[in-house]
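*Asks:* pasting the structure only:
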């Protein structure tokens, strides 16, 4: 492969990996806030103890804080993840435009090379499925029997669906638990109109749906590539 083309792929892979690392960090922060909201440490019926010795707050204020944190972290997580997905698509465009006889780095297919150097997001399950294809799971290393192609593809759909549900279910459940527990009283700091909360819900649901749809679209393309070129 031409060194200039490989350098472009390396740069795109580096950019993708940085974005993937950021997305993973934001998701970890999101899941910590979500679990904290689902299992709060209550002092009495009116107060909840904040984590990391940050003090205590009114019940309703605690859920308002968690609601906004979940929404903000979802936005930054989605931003990093969607930008990483765009970078991954650019890498695939570069690979697909290469002539078939120019898709090797030394003796390694460029697709395997890219998969090796990319830092994975928590969504990535393709490596598990690739190994299910047996010793010839590398690109351009022979064809598997039909049944051995169908089973990994079905497993990919199951595993991918499970990972997507797991990643989004906890924050989503936590988000609506927070909303349902917001009940301002005389001691509450936050006095926010219901219209504003409705806008927050619409924003959160919209971002989550975008993530799910983009992931579904990208997963379809990956599922097709599991079947060897």
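*Replies:* Structure's in. What do you need? What you see is a predicted model, and the numbers here were worked out from it, not measured in a lab.
*Asks:* next one: residue 180 from residue 37, what distance?
*Replies:* Going from residue 180 to residue 37 by CB to CB, to the nearest Å gives 11 Å. Yep, even glycine has a C-beta here, placed from its N, CA and C like the rest.
*Asks:* neighbour count for the two, which is higher?
*Replies:* When residue 180 is set against residue 37 and neighbours are counted by other CB atoms under 10 Å, the residue ahead is residue 37, at 24 against 9.
*Asks:* residue contacts, the more buried one?
*Replies:* 62, 63, 66, 67, 70, 174, 177, 178 (CB atoms under 8 Å, 6 or more residues apart in numbering).
*Asks:* what ranges do the strands span in the protein?
*Replies:* With DSSP state E applied, the chain shows strands at 41-42, 47-49, 56-58, 104-105, 108-109, listed in chain order.
*Asks:* tabulate those (CSV), appending mean neighbour count.
*Replies:* Putting the strands of the chain into CSV (neighbours: other CB atoms under 10 Å) gives the following:
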stretch, mean neighbour count
strand 41-42, 12
strand 47-49, 18
strand 56-58, 18
strand 104-105, 16
strand 108-109, 16
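*Asks:* so which of the ones you listed comes closest to residue 10?
*Replies:* Go through the strands of the chain one by one with CB to CB and the one that ends up closest to residue 10 is strand 104-105, at 10.0 Å.
*Asks:* give the pairing partners of the closest one; include direction for each.
*Replies:* Here the strand partners of strand 104-105, with direction, are listed using DSSP bridges: strand 108-109 (antiparallel).
*Asks:* pLDDT of the partner strand, averaged?
*Replies:* If you average the pLDDT over strand 108-109, you get 84.
*Asks:* now the lengthiest helix in the chain: buried residues?
*Replies:* Ranked by residue count under DSSP state H, the longest helix found in the chain is helix 59-97. For helix 59-97, the buried set under the neighbour-count rule, 16 or more other CB atoms under 10 Å, comprises 59-67, 69-71, 73-74, 76-78, 80-85, 87-88, 91-92, 94-95.
*Asks:* pLDDT averaged over that helix, what's the number?
*Replies:* Taken as a whole, helix 59-97 carries a mean pLDDT of 91.
*Asks:* check stretch 172-187 too.
*Replies:* Predicted confidence along stretch 172-187 averages 84 (mean pLDDT).
*Asks:* quick one: it to chain centroid distance?
*Replies:* Relative to the centre of its chain, stretch 172-187 is centred 25 Å away, using CA atoms, centre = their mean, to the nearest Å.
*Asks:* and the longest helix of the chain, what does it pack against?
*Replies:* Where contact means 3 or more CB pairs under 8 Å, 6 or more residues apart in numbering; DSSP states H and E, helix 59-97 is packed against helix 3-38, strand 47-49, helix 110-117, helix 146-180, helix 194-226.
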